[in-house]
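Engineer: Compute the structure for the input listed below.
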Amino acid sequence: MEKDSLFEEGKSRIVEGDFVKSKEQAVVSRFLAEMNGIKIGDTLNFMDEDGGKSSVVIVGLFLTGSEREQTDKISTANRMENQIYVDTDFIRNTTGEDYRKLAVYVREPERLEETEKKIQELFEERASVGTLDTVYRQMKFSLSQTKRIARLVCYLTVFTAVFITGLLLCMWMRGRKTEIAVFISLGIPRAEILLQMALETAVIYSAGCLWAAGLSAWVMNIPAVKAIGILDEGAKATGIGLQFSVCRLLLVWSVGSAISAALTGMASIPCFRKKIKEILSEMEG
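Structural biologist: Numbering: from 1, shown residues only. Sure thing, here's the model as predicted:
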């Protein structure tokens, strides 16, 4: 009972005595013992439907810690203080049935219902099959919440990065208003000026992207980091393999360059919408 029961899960605990070790022993609630004047070493007698008598010796008292939190709607047979733990051999001898309990732990808990149906079809009426996936559901709910929070943080990070980069580009284009006015006065097409600005932004972003990629590849190959196993443990926990990929690098560079070029175009709109005279007058002012 200490390996597969409420005691193993930590919901119940022995407060006096020991666990059941043989079919002549039993463990009862301390509440039940105090209400009936029972103590360790006393004998409990049971009578079956045919009038046969059996007896067990009390070897331990247990508590769950939530006995007083039960409501009056709980039936007497299901109340925590009325539960008596005995050996399965005692139940088999008392009822005359070959009672066996088998606990199976599956590797894929998300397929538990399908597994239950297949096992029930296999045993038919010879066994009763049930599932207990409370812990799995709790962990799944916690992981799903963590996943949602991580996704929200990712979206907020991307939005903040795009917003701040756009503001910096606006300030950068505003500071180059004089240069733009000179280019326009020299007769250079505005489309060519815009392409030049976008190219400069792409070059700066490419340099930063390559620097970050090189730093990441270097960190992954540091002997000290490999020896500690931090990255490997994180990869096992998240299920994401940490491996430097040129294809992923090109994907990040393409998306980032496109976003940077778009932000450059948006930041250049106030400068290119004005007429040459207005730009030159602002330059002189």
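
Engineer: Restricting to C-alpha, output stretch 208-225 in PDB.
Structural biologist: Output in PDB follows, covering the C-alpha atoms of stretch 208-225 (Å, rounded to 0.1, in the frame of the first residue of the first chain):
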ATOM      1  CA  GLY A 208      24.100  42.200 -36.900                       C
ATOM      2  CA  CYS A 209      22.500  39.000 -38.000                       C
ATOM      3  CA  LEU A 210      25.900  37.500 -38.900                       C
ATOM      4  CA  TRP A 211      27.400  38.600 -35.600                       C
ATOM      5  CA  ALA A 212      24.500  37.000 -33.700                       C
ATOM      6  CA  ALA A 213      24.800  33.800 -35.700                       C
ATOM      7  CA  GLY A 214      28.500  33.500 -35.100                       C
ATOM      8  CA  LEU A 215      28.100  34.200 -31.400                       C
ATOM      9  CA  SER A 216      25.400  31.500 -31.200                       C
ATOM     10  CA  ALA A 217      27.500  28.900 -33.000                       C
ATOM     11  CA  TRP A 218      30.500  29.700 -30.800                       C
ATOM     12  CA  VAL A 219      28.400  29.300 -27.600                       C
ATOM     13  CA  MET A 220      27.000  26.000 -28.700                       C
ATOM     14  CA  ASN A 221      30.600  24.700 -29.400                       C
ATOM     15  CA  ILE A 222      32.200  25.900 -26.200                       C
ATOM     16  CA  PRO A 223      33.800  22.900 -24.400                       C
ATOM     17  CA  ALA A 224      32.800  24.200 -20.900                       C
ATOM     18  CA  VAL A 225      29.200  24.600 -21.900                       C
END
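
Engineer: Just the mean pLDDT for stretch 113-120, thanks.
Structural biologist: The predicted model assigns stretch 113-120 a mean pLDDT of 87.

Engineer: Just the pLDDT at the closest residue to Lys11 other than its chain neighbours, thanks.
Structural biologist: Excluding the flanking residues, the one nearest Lys11 by C-beta to C-beta, 6 or more residues apart in numbering is Thr64, at 6.0 Å. Where C-beta positions appear, they are placed from N, C-alpha and C, glycine not excepted. On pLDDT, Thr64 comes in at 86.

Engineer: For Ser29, see how far away Thr64 is.
Structural biologist: 8 Å (C-beta to C-beta, to the nearest Å).

Engineer: ok, these two, which is more surrounded?
Structural biologist: Ser29 (23 against 17; other C-beta atoms under 10 Å).

Engineer: Tell me how many other residues crowd the closest residue to that one other than its chain neighbours.
Structural biologist: With sequence-adjacent residues excluded and distances taken as C-beta to C-beta, 6+ apart, Ser29 is closest to Glu81, at 4.2 Å. Glu81 is flanked by 19 other residues according to other C-beta under 10 Å.
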